[in-house]
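In: Need the 3D shape of this:
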Amino acid sequence: MKHEESDIDIRSEFVVMRSFINWHKKYIEWWMKKLKISNYGIVWISFFKGLIIGLLIYHFLIN
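Out: As a prediction, this is how the structure comes out:
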């Protein structure tokens with residue numbers, strides 16, 4: 001019985017994760033249309049966002 005319960009938990013977590021991924025894809029597509037940018041533009045925005053956040057974390061927490 002214990003094994004069957006864990007299988008159900010894993011399946012339900014998979015369904016939740018899959019729905020989150022689908023929501024995120026739709027959200028990114030909405031921003032792409034709104035800003036009129038390509039996938040490549042999204043990659044550059046993500047890169048600079050990560051760079052800025054990383055530098056802020058370094059400056060305030062590590063330095």
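
In: next SSE after the longest helix belonging to the chain?
Out: When every helix of the chain is counted residue by residue (DSSP state H), the longest turns out to be helix 2-35. Secondary structure here is assigned by DSSP states H and E; on that basis, the next helix or strand after helix 2-35 toward the C-terminus is helix 39-57.

In: could you give the angle of that next one to helix 2-35?
Out: With axes from the mean of the first three to the mean of the last three C-alpha atoms, to 10 degrees applied, the angle from helix 39-57 to helix 2-35 works out at 110 degrees.

In: Could you list the residues in contact with stretch 19-36?
Out: 38-39, 41-42 (C-beta atoms under 8 Å, 6 or more residues apart in numbering). (Each C-beta comes from the backbone N, C-alpha and C, glycine too.)

In: no no, stretch 44-63
Out: Contacting residues not belonging to stretch 44-63 are listed as Ile37 [C-beta under 8 Å, 6+ apart].

In: Relative to the whole chain's centre, how far out is that stretch?
Out: With C-alpha atoms, centre = their mean, to the nearest Å as the basis, stretch 44-63 stands 17 Å off its chain's centre.

In: CA atoms only: put it into CSV for me.
Out: Listed in CSV are the C-alpha atoms of stretch 44-63, where the atom choice follows Å, rounded to 0.1, in the frame of the first residue of the first chain:
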residue,chain,number,x,y,z
TRP,A,44,19.4,38.4,-23.8
ILE,A,45,16.9,39.9,-21.3
SER,A,46,17.3,36.8,-19.1
PHE,A,47,21.1,36.9,-19.3
PHE,A,48,21.3,40.6,-18.2
LYS,A,49,18.6,40.0,-15.5
GLY,A,50,20.7,37.2,-14.1
LEU,A,51,23.9,39.2,-14.3
ILE,A,52,22.4,42.1,-12.4
ILE,A,53,20.8,39.9,-9.8
GLY,A,54,24.1,38.0,-9.4
LEU,A,55,26.1,41.3,-9.0
LEU,A,56,23.6,42.6,-6.4
ILE,A,57,23.8,39.4,-4.4
TYR,A,58,27.6,39.5,-4.6
HIS,A,59,27.7,43.2,-3.6
PHE,A,60,25.3,42.9,-0.6
LEU,A,61,25.8,39.4,0.7
ILE,A,62,29.3,38.3,-0.2
ASN,A,63,31.3,41.5,-0.3
